[in-house]
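quick one: sequence and predicted model below, then my questions.
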Amino acid sequence: MTPEDAVISGDAVTPRAARHRVLVTGIGVESCAGGTPDELWDALAAGRPAISPLELEGPLPCQVGGVIRGFDPREHMSAQQVRRTSRFQQLLFTAAMKARDDARLRTAPGALYVGTGGGGLDETARLVTVLNRSGWPRMDRLGLLRLLPNQAAGLVAQELGVTGPVLTLSTACAASTDAIGAGLRAVRDGTADVVLVGGVESWLDIPALASFRLLDALSQRPAAQAALASRPFDRDRDGMVPAEGAAVLVLESERSALRRGATVHGEVLGAASTCDAHHPVAPRADGAVAARAIELACADAGLETAAVDLVSAHGTATPQGDRAETAAIKRAFGAHARGVAITAPKSVIGHACGASGILESVGVLRAIREKYVPPTANLRNPDPGCDLDYTPLVGRPAPIGVAVKQNFGFGGHNSAVVFGAA
């Protein structure tokens, strides 16, 4: 067996010919741009920011965010489930039920992989408030179950009867991208015919926002400029805009999808992860290890980086992050970096931390299907250090066959997934 005929998966070597194609057959979304893939895509394709003023009690560390308005978990949950769960669990649950319904699944998935950065950060803040005001006896006895990061996945598993692996990944802002990679390997290697992969984040509370503010990571744009706040790769960017959200994809082997007559939204071709091993929050300025994640994901897909038509950037709008990502793209794509189309979805939907990768992957799948590059909103004054084609302000038609979704997180986590047309 030659290296060209095999792929390394853990310690095993799987012949490429024996690998199953991995198709996306269901999508569920809860985002500040809307609760359906169509609504999310419409905002991304139009470059229409879904950022609004935050409405929280007390002095705000940040004035704007990607808030999900009108969310009602009772559309998919019982009254008892709603009472016993926190917002991050409800967001993931409803996205999972939407994905199940979209895929028309009638049997339990074989596995579930979920990425989240903080889990129940909002619930932790609530419990601390009660503790400070009334003491621990007044705290909710179910509070622990509302804040543990794995409980959202456990709730979905219980509802759907998932008795295979149910794993929660916490690799900061790369978490749900890593979850897609885990699901890809499970289906491709034959561990399961159908898996769910997801991501969720609910962190629009003052303690969480204050923590990021103290790291100088959040935009300080006033509420009146909410739509202008997220400015990836722009010279006038001043930090990320926080957002909440969740998304779930159904990944399915080709044989299972054909047997069920499933609708196919796209294909997952490859994935990889690396770690900078450099700094708790700052990326490597040269982008070398992040570039390696992109290169490895393309190699896992059996493709050269020159075959990539679209890059969906992490694009946090932090000064260090955007420049490091530009360096990573240049390293990974070489001469092709000047020709590949790039879009920064956080300019529209903000930064949903651990959920960002999978929410943005929904946009990637639609970009491939529609053959259209969504614009990077608010990119009016490009940073001279960010000098690639980030599709400023106006999207454009393009023959997109292969796209990369890349995300990078605190702790030096780098993750990339390669998508293709089905």
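Everything's here; your move.

all helices of the protein, in order?
For the chain, the helices defined by DSSP state H cover 37-46, 79-84, 87-103, 121-134, 143-147, 151-160, 175-188, 206-214, 254-260, 288-300, 319-333, 346-349, 356-370.

of all the ones you listed, which one is nearest Pro242?
The stretch from the helices of the chain with the least distance to Pro242 (Cβ to Cβ) is helix 206-214; that distance is 6.2 Å. For the C-beta atoms, the positions are set from N, CA and C on the backbone; glycine is no exception.

got the angle for the closest one vs helix 121-134?
Angular relation of helix 206-214 and helix 121-134 on a 0 to 180 degree scale: 110 degrees, by axes from the mean of the first three to the mean of the last three Cα atoms, to 10 degrees.

could you give the number of residues near Pro280?
Pro280 has 8 neighbours, counted by other Cβ atoms under 10 Å.

right, so of the helices of the chain, which gets closest to Phe233?
Ranking those by proximity to Phe233 (Cβ to Cβ) places helix 319-333 first, at 5.1 Å.

from the contact counts, what lies against that closest one?
helix 288-300, strand 402-409 (3 or more Cβ pairs under 8 Å, 6 or more residues apart in numbering; DSSP states H and E).

and with 6 Å instead?
Under the contact definition 3 or more Cβ pairs under 6 Å, 6 or more residues apart in numbering; DSSP states H and E, helix 319-333 sits against helix 288-300.

ok, residues contacting the helix it packs on?
Contact with helix 288-300 is made by 270-274, 276, 305, 328, 331-332, 406, 408, 414, 416, 418, as judged by Cβ atoms under 6 Å, 6 or more residues apart in numbering.

now the angle from that helix to strand 402-409?
Interaxial angle of helix 288-300 relative to strand 402-409 (the same axes, to 10 degrees): 140 degrees.

and the angle from helix 288-300 to helix 319-333?
Using the same axes, to 10 degrees: helix 288-300 against helix 319-333 is 40 degrees.

if we can go back for a sec, what would the helices of the chain look like in CSV with mean pLDDT?
What follows is the helices of the chain, written out as CSV (pLDDT from 0 to 100):
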stretch, mean pLDDT
helix 37-46, 98
helix 79-84, 94
helix 87-103, 98
helix 121-134, 82
helix 143-147, 85
helix 151-160, 97
helix 175-188, 98
helix 206-214, 93
helix 254-260, 97
helix 288-300, 98
helix 319-333, 97
helix 346-349, 98
helix 356-370, 98
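
let's have these in JSON lines, adding distance to Val402 and mean neighbour count.
Below are the helices of the chain laid out as JSON lines (distance: least, Cβ to Cβ, whole Å; neighbours: other Cβ atoms under 10 Å):
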{"stretch": "helix 37-46", "distance to Val402": "19", "mean neighbour count": "20"}
{"stretch": "helix 79-84", "distance to Val402": "40", "mean neighbour count": "12"}
{"stretch": "helix 87-103", "distance to Val402": "23", "mean neighbour count": "25"}
{"stretch": "helix 121-134", "distance to Val402": "35", "mean neighbour count": "16"}
{"stretch": "helix 143-147", "distance to Val402": "39", "mean neighbour count": "18"}
{"stretch": "helix 151-160", "distance to Val402": "30", "mean neighbour count": "21"}
{"stretch": "helix 175-188", "distance to Val402": "15", "mean neighbour count": "28"}
{"stretch": "helix 206-214", "distance to Val402": "34", "mean neighbour count": "17"}
{"stretch": "helix 254-260", "distance to Val402": "18", "mean neighbour count": "16"}
{"stretch": "helix 288-300", "distance to Val402": "9", "mean neighbour count": "23"}
{"stretch": "helix 319-333", "distance to Val402": "12", "mean neighbour count": "23"}
{"stretch": "helix 346-349", "distance to Val402": "22", "mean neighbour count": "30"}
{"stretch": "helix 356-370", "distance to Val402": "8", "mean neighbour count": "26"}
